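> Okay, predicted coordinates and the sequence, questions at the end:
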Amino acid sequence: MISVIIPALNEEEPIAAVVRDCLTTGLPREVIVVDNGSTDRTMERARAAGAKVVSEPRPGYGRACAAGIRALSLPQSRDDLVVFLDGDGSDCPEFMPQLVDPIRRGEQDFVIGSRTRGKREPGSMNFQQVFAGRVAGALLRLLYGVRYSDMCPFRAIRRDALERLGMKEPTYGWNLEMQMRAARAQLRILEVPVNHRCRTGGESKVSGTLRGTFVAGARIIATLFRVALER
């Protein structure tokens, strides 16, 4: 079974289309939208589009992802997969087969999309995002010998492998933590190019403001050091 988890905060404009696009692929058995304290109609629109909606009012991207994991249906087989993507319309669900097929064939355990290797709509990523992804990739290659070019939120992983990682990060460092723990656990990892577009509604919580970019960057750096120094 393939499950999709979408963290969302005030995404009432794009969320319905994101859910429908995921379901249109014919791959997921369930799409879980985690409302991370929205003050708009994100929950109502996600539910109307066919998603299972759960609430995680405590702020934090990682907390929302963790709440989505807790809301997953009971495993049906050891081949169950979990796909993560953002709810702002910037990720392209039509690339889901490229993420899940290598895992379904038994070739990989963790497949992450790379926006920097795919086609990016002008303005969809700022310089800081591209630079941070490449710097993190270089550091993780030194630490673990694994090549990453991005910290893209659009990713797929075997559910049993995800549960073994012991994810802890409550903030925007969640994506990097997963990549580090997956590398350290010696999962079979593949990075594939995916297209990326500008958000289709709402306001960015990270790249849209200087403060958001700084806060997210600081939390990502803190996550890198915390996980790298774990014993």
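Great, that's in hand.

> contacts, neighbours, all on C-alpha from now
Will do.

> hang on, S149 packs against Q129?
No: taking contacts as C-alpha atoms under 8 Å, S149 lies outside contact range of Q129: 11.0 Å.

> So which of those two has more stuff around it?
S149 (24 against 18; other C-alpha atoms under 10 Å).

> State the helix or strand in which the more buried one lies.
Taking DSSP states H and E as the definition, one finds S149 inside no helix or strand.

> residue closest to the middle of this protein?
Nearest to the mean C-alpha position of the chain, by C-alpha atoms, centre = their mean, lies P153 at 2.8 Å.

> give the contact list for that residue.
Neighbour list for P153: 84-86, 112-113, 175 [criterion: C-alpha atoms under 8 Å, 6 or more residues apart in numbering].

> Which stretches in the chain count as helices?
15-24, 42-48, 61-70, 96-104, 127-144, 159-165, 174-184, 210-228 (DSSP state H).

> nearest to P7, of the ones you listed?
P7 lies closest, by C-alpha to C-alpha, to one member of those: helix 61-70, at 5.6 Å.

> just how off-centre is the closest one within its chain?
11 Å (C-alpha atoms, centre = their mean, to the nearest Å).

> ditto for stretch 90-108
Taking C-alpha atoms, centre = their mean, one finds the center of stretch 90-108 at 13 Å from the center of the full chain.

> Kindly report the same for stretch 29-44.
15 Å.

> buried ones in it?
Within stretch 29-44, the residues that qualify as buried are 30-38, 42-43, counting by 16 or more other C-alpha atoms under 10 Å.

> any idea of the pLDDT on R231?
Here the pLDDT value assigned to R231 is 68.

> whoops, I mixed them up, L74
Looking at L74, its pLDDT is 83.

> Neighbours of it, how many?
If we define neighbours as other C-alpha under 10 Å, then L74 has 9 of them.

> Now do it against M1, distance only.
As judged by C-alpha to C-alpha, to the nearest Å, L74 and M1 stand 10 Å apart.

> Please apply the same query to S73.
Taking C-alpha to C-alpha, one finds S73 at 9 Å from M1.

> Who has more neighbours out of those two?
M1 (17 against 12).

> And the helices of the chain: which comes nearest P193?
Per C-alpha to C-alpha, nearest to P193 of those: helix 96-104, 8.7 Å.

> Helix 127-144 and the least confident helix or strand in the chain by mean pLDDT, what's the angle between them?
None of the helices or strands of the chain scores lower by mean pLDDT, DSSP states H and E than helix 210-228, at a mean of 78. Per axes from the mean of the first three to the mean of the last three C-alpha atoms, to 10 degrees, the angle that helix 210-228 makes with helix 127-144 is 0 degrees.
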